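Novice: Whatever this is, show me its structure:
(chains A, B, C and D)
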Number of protein chains: 2
Amino acid sequence: MASEASPRDVPRPSLTDVGRLAGVSAQTVSRYFTGRGYVGTETRARIDAAIAQLGYRPNNAARSLRAGRSKTLGVLALGPLNYGAASILTGLTQTATTAGYGLMIAQLDIDPDLPTSSPEVRRALDAFLSSRVEGIVVTSPYRDTEENLGEVWESVPILILSGRPQSNHYAATVDSHAAGLLATRHLIELGHRQILHIAGPAKRNESLEREGGYHEALSSAGLDPLPVQRGDWSSSSGFAAGLCTDPASFTAVFAGNDQMALGFIAAMRERGHEAPRDYSIIGVDDMPDARYFSPPLSSIAMDFTRLGEIAIAMVLHPIKTGERMPNQTITPVLVPRASTARLP
Amino acid sequence: MASEASPRDVPRPSLTDVGRLAGVSAQTVSRYFTGRGYVGTETRARIDAAIAQLGYRPNNAARSLRAGRSKTLGVLALGPLNYGAASILTGLTQTATTAGYGLMIAQLDIDPDLPTSSPEVRRALDAFLSSRVEGIVVTSPYRDTEENLGEVWESVPILILSGRPQSNHYAATVDSHAAGLLATRHLIELGHRQILHIAGPAKRNESLEREGGYHEALSSAGLDPLPVQRGDWSSSSGFAAGLCTDPASFTAVFAGNDQMALGFIAAMRERGHEAPRDYSIIGVDDMPDARYFSPPLSSIAMDFTRLGEIAIAMVLHPIKTGERMPNQTITPVLVPRASTARLP
DNA sequence: ATGTCGTAGGTTATCGTTAACTTACGACTT
DNA sequence: AAGTCGTAAGTTAACGATAACCTACGACAT
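Specialist: Below you'll find the model as predicted:
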């Protein structure tokens, strides 16, 4: 039963319209909304009624133009919206809404080998700046992102969710290096000495950090790394990695995320190798499904949703106070399950 | 090396500033951007240079205020950002960006039993209307959503991605009824007669449609349905359903989505029941991981990303032409894998 | 009686952009 | 020679909201 009429030709009521109906000036209605100044209780009631009767909603464009602030933030999501990115986005939207901010979003599923200075990224950021967003959050960027985004700071605070704890830019992150350490140490403590790493895309911070953790754990235990396999976070890339790996060459696997672990397990199964009987495997992300994989997948839990919440707090802080907050890091937690077992 | 200075106190250049630097009036610079009217080639070059020198970006708020159009769409995502919702969002952002539209997003992970007329939904829509979005897309809504959203049509086209093909509102959808039919018929054709359904949340359109397809397939084959189990799309709810189901009561399972199927398989495995040896199981969504589950999960493939693309085309159409497009339906496809086998 | 303060409200100017209108000039037509 | 057309600009007035400023009035203290 929805109206078929074109919505375009219905002009929306303005503050002046509300004021006229309530018998006051537009400025008084403005005071009603902003709370700056006095509005009598009886007048307030008449304005209430007028707003309801007209179905009035404030015009953010006019507000933003006059007030100089848009009450809007930009989110640039680089890469696919997998479990981690989607969870971050959930945290971002929830927290931003609570803080009274709107969220503009751009997602770029660009070639992992493309630099961040690509025209797509530039266009997305330009769109944000044109909308006069008061802050920008960038998720899952590349190693070189931080350098290329510096100039944007000139006009607006930009927070990077980089997977890189010691960034000298404004950043928050889950500590991917620690994740790599935790995962690899877990395998070492179970007695494994030939530990394979299936890494994410070559230029992603998360990949590099997790790989770094893997190498540090190995070398501090006096172990040699195996040649690193590289995927793109997807389960099919984990499967591909499994197909071209000699099952005799390793006793344990540290996969860059749960999905690649899933694919790897499937590939090994096709070749008659089962975890944890024939090898141990651990992922990263602890996505809710990991518990129900076969075998239940050991993983490193990352609180992505909280990262999203922290991110909003961090972008808003310079807006309100002019000062940055200290960079935040979320510490990952080991969640051991049946997929990792002591080496006999 | 990013600047530590507060960005707030740097006033952004305006059209007038650009014009002054280029030695023309603001209106000429406006023509440069809008393309309405003549701008000499030499003048154009000077404006080019001035824009680059000042780092000028158009102010969307002022544009929107004067032009009466915001070039922005709103997306209201109801429920968690699981694989389907995230894929839709990908399609939406990509297509909107290409069409020159910005996207405002609100995600509400509300109680599945709450009605859509909840204050949160209202507040989110109000925020969109305040931003003068030119159209709104609502994903994964409830049965009663369509009724409650009618009044919004008065001011702006609103498209519902409802899982309900024959909606009499403006809607696009993957045909969830057909998905239920396809899945259940597949099991029937394999010889199964006791087919269990694990449905999604009670008030979701997708749940109801898939359940409807299940019932239709059964009754047209002269079979009786088993009592429906109900989950919330999560793998853990599928697991819970598996724990409280008598393994002897069914020979096949149609799960409302892949994740619940995964959980159910895990629960059955704990009780010594393996698919496809002891029962067959099929999910819906065909998420990329499903291929690598153990056993590889039969599923119903839905092209969510294309749904997102179609959605943008459909919201934009009334904006441009004043007329609706016919409602679109995406047909799901059966993807049989090892988890479904002929009944011996 | 005068000054001061708190409350309630109106007037005016302005944010940056663009639609509508106007000016100016050279080229071409009749 | 006068009129018309295409090109290239400038001028003015809005869009809706609000900050800054001003008016008015009653209460209260001095």
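
Novice: If you count neighbours, what's buried in the top helix by length along chain A?
Specialist: What stands out as the longest helix in chain A, according to DSSP state H, is helix A:304-321. For helix A:304-321, burial by neighbour count (16 or more other C-beta atoms under 10 Å in any protein chain shown) applies to A:304-312, A:314-319. All C-beta spots, glycine's among them, are computed from the backbone N, C-alpha and C.

Novice: And for stretch A:156-174?
Specialist: Buried residues in stretch A:156-174, counted by 16+ other C-beta under 10 Å: A:156-165, A:167, A:169-174.

Novice: Take that stretch, keep the C-alpha atoms, and write them as PDB.
Specialist: Extracted in PDB, the C-alpha atoms of stretch A:156-174 (Å, rounded to 0.1, in the frame of the first residue of the first chain):
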ATOM      1  CA  VAL A 156      40.900  15.800   9.600                       C
ATOM      2  CA  PRO A 157      42.100  13.200  12.100                       C
ATOM      3  CA  ILE A 158      42.700   9.900  10.500                       C
ATOM      4  CA  LEU A 159      43.000   6.700  12.500                       C
ATOM      5  CA  ILE A 160      44.500   3.600  11.100                       C
ATOM      6  CA  LEU A 161      43.600   0.100  12.200                       C
ATOM      7  CA  SER A 162      46.800  -1.300  10.900                       C
ATOM      8  CA  GLY A 163      47.800  -4.500  12.600                       C
ATOM      9  CA  ARG A 164      51.000  -2.700  13.500                       C
ATOM     10  CA  PRO A 165      51.300  -2.000  17.200                       C
ATOM     11  CA  GLN A 166      54.300   0.300  17.200                       C
ATOM     12  CA  SER A 167      53.100   2.600  14.400                       C
ATOM     13  CA  ASN A 168      54.300   6.200  14.700                       C
ATOM     14  CA  HIS A 169      51.000   7.300  13.200                       C
ATOM     15  CA  TYR A 170      47.600   7.600  14.900                       C
ATOM     16  CA  ALA A 171      46.600   3.900  15.100                       C
ATOM     17  CA  ALA A 172      44.800   1.200  17.000                       C
ATOM     18  CA  THR A 173      45.200  -2.400  16.400                       C
ATOM     19  CA  VAL A 174      45.000  -6.000  17.500                       C
END
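
Novice: The helix or strand that the longest helix of chain A is followed by: partners in the sheet, and parallel or antiparallel?
Specialist: Next helix or strand after helix A:304-321 toward the C-terminus (DSSP states H and E): strand A:328-330. Note on strand A:328-330: by DSSP bridges, its sheet partners are strand A:171-174 (parallel).

Novice: Run through who's touching the partner strand.
Specialist: For strand A:171-174, the external contacting residues (C-beta atoms under 8 Å, 6 or more residues apart in numbering or on different chains) are A:146, A:159-165, A:167, A:302-304, A:307, A:310-311, A:314, A:327-330, A:332.

Novice: doesn't B:Ser130 make contact with A:Pro58?
Specialist: Yes. In this structure, A:Pro58 is within contact of B:Ser130 by C-beta atoms under 8 Å, at 5.2 Å.

Novice: List phi and psi for the nearest residue to A:Ile281 once chain neighbours are set aside.
Specialist: Using C-beta to C-beta, 6 or more residues apart in numbering or on different chains and skipping the chain neighbours, the partner closest in space to A:Ile281 is A:Val253 (4.3 Å). Note on A:Val253: backbone dihedrals following degrees, to the nearest 10 are phi -130, psi 130.

Novice: one step back: which neighbouring elements make contact with the longest helix of chain A?
Specialist: With contacts defined as 3 or more C-beta pairs under 8 Å, 6 or more residues apart in numbering or on different chains; DSSP states H and E, helix A:304-321 has these neighbours: helix A:83-98, strand A:135-139, strand A:158-161, strand A:171-174, strand A:328-330.

Novice: Could the C-alpha coordinates of that helix be exported in PDB?
Specialist: Provided in PDB are the C-alpha atoms of helix A:304-321 (Å, rounded to 0.1, in the frame of the first residue of the first chain):
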ATOM      1  CA  PHE A 304      37.400  -6.900  16.700                       C
ATOM      2  CA  THR A 305      34.200  -5.400  17.900                       C
ATOM      3  CA  ARG A 306      36.000  -3.700  20.800                       C
ATOM      4  CA  LEU A 307      38.600  -2.500  18.400                       C
ATOM      5  CA  GLY A 308      35.800  -0.800  16.500                       C
ATOM      6  CA  GLU A 309      34.600   0.800  19.700                       C
ATOM      7  CA  ILE A 310      38.100   2.000  20.600                       C
ATOM      8  CA  ALA A 311      38.500   3.400  17.100                       C
ATOM      9  CA  ILE A 312      35.500   5.700  17.400                       C
ATOM     10  CA  ALA A 313      36.700   6.900  20.800                       C
ATOM     11  CA  MET A 314      40.100   7.600  19.300                       C
ATOM     12  CA  VAL A 315      38.900   9.500  16.200                       C
ATOM     13  CA  LEU A 316      36.500  11.600  18.300                       C
ATOM     14  CA  HIS A 317      39.100  12.500  20.900                       C
ATOM     15  CA  PRO A 318      41.200  14.900  18.700                       C
ATOM     16  CA  ILE A 319      37.900  16.400  17.400                       C
ATOM     17  CA  LYS A 320      36.800  17.300  20.900                       C
ATOM     18  CA  THR A 321      40.100  18.100  22.600                       C
END
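
Novice: quick one: that helix to helix A:83-98, angle?
Specialist: 40 degrees (axes from the mean of the first three to the mean of the last three C-alpha atoms, to 10 degrees).

Novice: which regions of chain A lie under the pLDDT threshold?
Specialist: A:1-10, A:111-117, A:141, A:143-148, A:150, A:163, A:165-166 (pLDDT under 70).

Novice: Residue numbers of the stretch 1-150 of chain A in contact with DNA strand C?
Specialist: Proximity of the stretch 1-150 of chain A to DNA strand C is confined to A:19, A:23-28, A:31, A:37-43, A:62, A:65-66 under the rule C-beta under 7 Å from any atom of the strand.

Novice: Tabulate the helices and strands packed on helix A:304-321 in CSV, adding columns for distance to DNA strand D.
Specialist: Formatted as CSV, the helices and strands packed on helix A:304-321 follow (distance: least, C-beta to the nearest atom of the strand, whole Å):
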stretch, distance to DNA strand D
helix A:83-98, 19
strand A:135-139, 20
strand A:158-161, 26
strand A:171-174, 31
strand A:328-330, 32
